[in-house]
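Peer 1: need coordinates for the following:
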Amino acid sequence: MNVRRSAATLAASAVLCVGAAPAALADVASPSPAPVVPSGLYGKNDPTYDGVWRQSFALLAQHTVGLKPAQQAVDWLVGQQCADGGFASFRADTAAACDAKLMLDTNATAVAVQALKALGGQDAAVKKGADWLKSVQNADGGWAYVPGSPSEASSTAVVISALAAAGEKPAEVKSKAGKSAYEGLLAFQLGCTSEPAADRGAFAYQATADGKLPANADATAAAVLAGLGKGALVSPASSPTDTPAAALACPATAGDPAAAAQGAAGYLAQALRKDGHLTALTPGADQPTPDTGNTADAVIALAAAGHKQSAAGALEWLKTNSAEWSKGNPAGLGTLILAAHATGTDPKAFGGTDLVAALNATGPAPQNASAKASEQPADKKDEKKEKDSGGSNVWWMILAGAAAGMGIGIVLSGRRKRNQL
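Peer 2: Below is the predicted model of the structure:
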């Protein structure tokens, strides 16, 4: 949730899919001029497409390790909310009222709701965000990244997770046509007659023009959390059992979100067995390459479903291979911390990297950072913080999966999140 992934790449997907969403971004690859990065925001890169997303993951991650985020960081996120409760990916001028020209998006709103709920003390903002999400539900029960566009599984899943975090019952959140949120989500799952058989249980991002549902790992990981009524913040104690993930059980999953989530977890576990990580097709590449963000999302999803042993290999792969990808990337670092938290792993010793110190270095210091630092062993106190890389990988990864799911000929790659995540 991903990891799945940053809101920016879904914005790009919406624009690339002609007819699927209104044109909202003129130039995804090279926005100009780049806005000044606010002092309360984590990360130094252009926040146009992922400001709210990366801030939400940074705050969620700090919360999981007992840090109290800087007040200016929380205030920045709260200040991004529009009067009607929705969030855009980024608002440079929050003094100006939101108008019809501003593209509000469900993904930014959903992760902000999750972060603000976890932090506490933001009940009004959480309720307004949840109410706005319910107000833009499509007739089929699902959601799109851009309200008014066709539903897709990734956005539907992340919204369901946000509604559950806010105290709503997704099964009872229904569109004007009477379709529930879960009906909207489960319509994207590949069933027991899908081919190839290895894809059964997975979720598609969207159906292709001929009605097929191509398996999409990003959407699948997000759907696992949504089906279980959970969000990105997964406690290692929330799933007391630890069993291997099983293949899709039919017809037990029909209409049952939790059973559908377990089937989706089975797909993820099988997909991870081959190389220990998920893959994506990057621009200019002939063969798929490792997809770090989606792999982290899959680890969180499997842990949430009670299958940490099925995620163990991928977790070890992340420890060895995620440092460059996450360097200076608040959403990436936040996602890795959430993956460590979900699996009971120490995020301060993650393959030789102190993820918490690296994240804190990308923005304002948490209010109790000094107290937490004093609790660390002496050798950890002197550990050098990672510097911000200045790269823009935070919002690329999901495009490859989203593009494939929608049958787009132009395949872009990088990390979403839902990382950009």
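
Peer 1: make it CA atoms for all contacts and neighbour counts henceforth
Peer 2: Will do.

Peer 1: how about low-confidence regions in the stretch 151-300 of the chain?
Peer 2: Residues of the stretch 151-300 of the chain meeting the criterion pLDDT under 70: 239-240, 251-253.

Peer 1: just the helices in it please.
Peer 2: Here the stretch 151-300 of the chain has its helices, by DSSP state H, counting those that start in this stretch, at 153-165, 181-186, 217-227, 257-273, 292-304.

Peer 1: can you pull the buried residues of the longest one?
Peer 2: Using 16 or more other CA atoms under 10 Å as the burial criterion, the residues of helix 257-273 that qualify are 257-272.

Peer 1: just checking, what packs against that helix?
Peer 2: helix 181-186, helix 217-227, helix 292-304, helix 308-321 (3 or more CA pairs under 8 Å, 6 or more residues apart in numbering; DSSP states H and E).

Peer 1: now, among the buried residues of helix 257-273, which is nearest to Val159?
Peer 2: Distance to Val159 across those (CA to CA) is lowest for Pro257, with 14.5 Å.

Peer 1: please name the residues that touch the closest one.
Peer 2: Tyr182, Leu186, Gly227, Leu228 (CA atoms under 8 Å, 6 or more residues apart in numbering).

Peer 1: rerun that using 10 Å as the cut-off
Peer 2: Residues near Pro257 by CA atoms under 10 Å, 6 or more residues apart in numbering: 171, 182-183, 185-186, 223-229, 263.

Peer 1: nearest to Asp354 among these?
Peer 2: Nearest to Asp354 out of the contacts of Pro257 is Leu225 (CA to CA; 26.3 Å).

Peer 1: quick one: the closest one and Asp218 touch, right?
Peer 2: No. With contact defined as CA atoms under 10 Å, Leu225 does not reach Asp218; the gap is 11.5 Å.

Peer 1: of the two, give the one with the bigger neighbour count.
Peer 2: Asp218 (36 against 33; other CA atoms under 10 Å).

Peer 1: how far away is the more buried one from Cys250?
Peer 2: From Asp218 across to Cys250, the span is 23 Å (CA to CA, to the nearest Å).

Peer 1: swap in Ala92?
Peer 2: 49 Å.

Peer 1: what's around Thr193, how many residues?
Peer 2: So Thr193, with other CA under 10 Å, has 9 neighbours.

Peer 1: now it: closest residue in space, sequence neighbours ignored.
Peer 2: Nearest residue to Thr193, sequence neighbours excluded (CA to CA, 6 or more residues apart in numbering): Arg200, at 7.7 Å.

Peer 1: neighbours around the residue nearest to Leu102 when sequence neighbours are not counted, how many?
Peer 2: Using CA to CA, 6+ apart and skipping residues adjacent in sequence, the residue nearest Leu102 is Ala88, 7.2 Å away. By the criterion of other CA under 10 Å, Ala88 has 25 neighbours.

Peer 1: does Ala88 touch Gly79 like I think?
Peer 2: No. Here Ala88 does not reach Gly79: they are 11.2 Å apart, not a contact under CA under 10 Å.

Peer 1: what are the ranges of the strands in the stretch 101-250 of the chain?
Peer 2: With DSSP state E, counting those that start in this stretch as the criterion, the stretch 101-250 of the chain has no strands.

Peer 1: can you pull the contacts of the residue nearest to Thr193?
Peer 2: Contacts of Arg200 by CA under 10 Å, 6+ apart are 189-194, 215, 247-249, 263-264, 266-267.

Peer 1: same list, these, but as JSON lines with distance to Lys319 please.
Peer 2: Formatted as JSON lines, the contacts of Arg200 follow (distance: CA to CA, whole Å):
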{"residue": "Gln189", "distance to Lys319": "31"}
{"residue": "Leu190", "distance to Lys319": "31"}
{"residue": "Gly191", "distance to Lys319": "33"}
{"residue": "Cys192", "distance to Lys319": "34"}
{"residue": "Thr193", "distance to Lys319": "37"}
{"residue": "Ser194", "distance to Lys319": "34"}
{"residue": "Ala215", "distance to Lys319": "26"}
{"residue": "Ala247", "distance to Lys319": "27"}
{"residue": "Leu248", "distance to Lys319": "29"}
{"residue": "Ala249", "distance to Lys319": "32"}
{"residue": "Gly263", "distance to Lys319": "27"}
{"residue": "Ala264", "distance to Lys319": "24"}
{"residue": "Gly266", "distance to Lys319": "23"}
{"residue": "Tyr267", "distance to Lys319": "22"}
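
Peer 1: how about those, which pair is most distant?
Peer 2: Ala215 and Ala249 (17.1 Å).

Peer 1: quick one: which of those two has more around it?
Peer 2: Ala215 (27 against 17).

Peer 1: from Ala166, how far off is that one?
Peer 2: 29 Å.

Peer 1: with Gly211 instead?
Peer 2: 34 Å.

Peer 1: tell me which of the two has more neighbours.
Peer 2: Ala166 (21 against 8).

Peer 1: ok, the more buried one touching Lys127?
Peer 2: Yes. Assessed by CA under 10 Å, Ala166 is found in contact with Lys127 at 7.1 Å.

Peer 1: what is in contact with these two at once?
Peer 2: Shared contacts of Ala166 and Lys127, counting by CA under 10 Å, 6+ apart, come down to Val113, Lys117.

Peer 1: re earlier: ok now do the residue nearest to Leu102, which residues does it touch?
Peer 2: Taking CA under 10 Å, 6+ apart as the test, what Ala88 contacts is 7, 48-53, 80-82, 98, 102-109, 146.

Peer 1: recalculate using a threshold of 8 Å.
Peer 2: Here Ala88 is in contact with Val52, Gln80, Gln81, Leu102, Met103, Leu104, Asp105, Ala108, Thr109 (criterion: CA under 8 Å, 6+ apart).

Peer 1: next: Asp75.
Peer 2: Gly40.

Peer 1: 7 Å instead, please
Peer 2: Listed by CA atoms under 7 Å, 6 or more residues apart in numbering, Asp75 has no contact partners.

Peer 1: do the same with Lys117
Peer 2: Val126, Ala165, Ala166.

Peer 1: and the end-to-end length of stretch 226-242?
Peer 2: OK, stretch 226-242 end separation, CA to CA: 19 Å.

Peer 1: buried residues in it, which are they?
Peer 2: So stretch 226-242, judged by 16+ other CA under 10 Å, has buried residues Ala226, Gly227, Leu228, Gly229, Lys230, Gly231, Ala232, Leu233, Val234, Ser235, Pro236.

Peer 1: any chance of these in CSV, with distance to Thr343 too?
Peer 2: Below are the buried residues of stretch 226-242 laid out as CSV (distance: CA to CA, whole Å):
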residue, distance to Thr343
Ala226, 18
Gly227, 19
Leu228, 17
Gly229, 18
Lys230, 15
Gly231, 15
Ala232, 13
Leu233, 11
Val234, 9
Ser235, 8
Pro236, 6
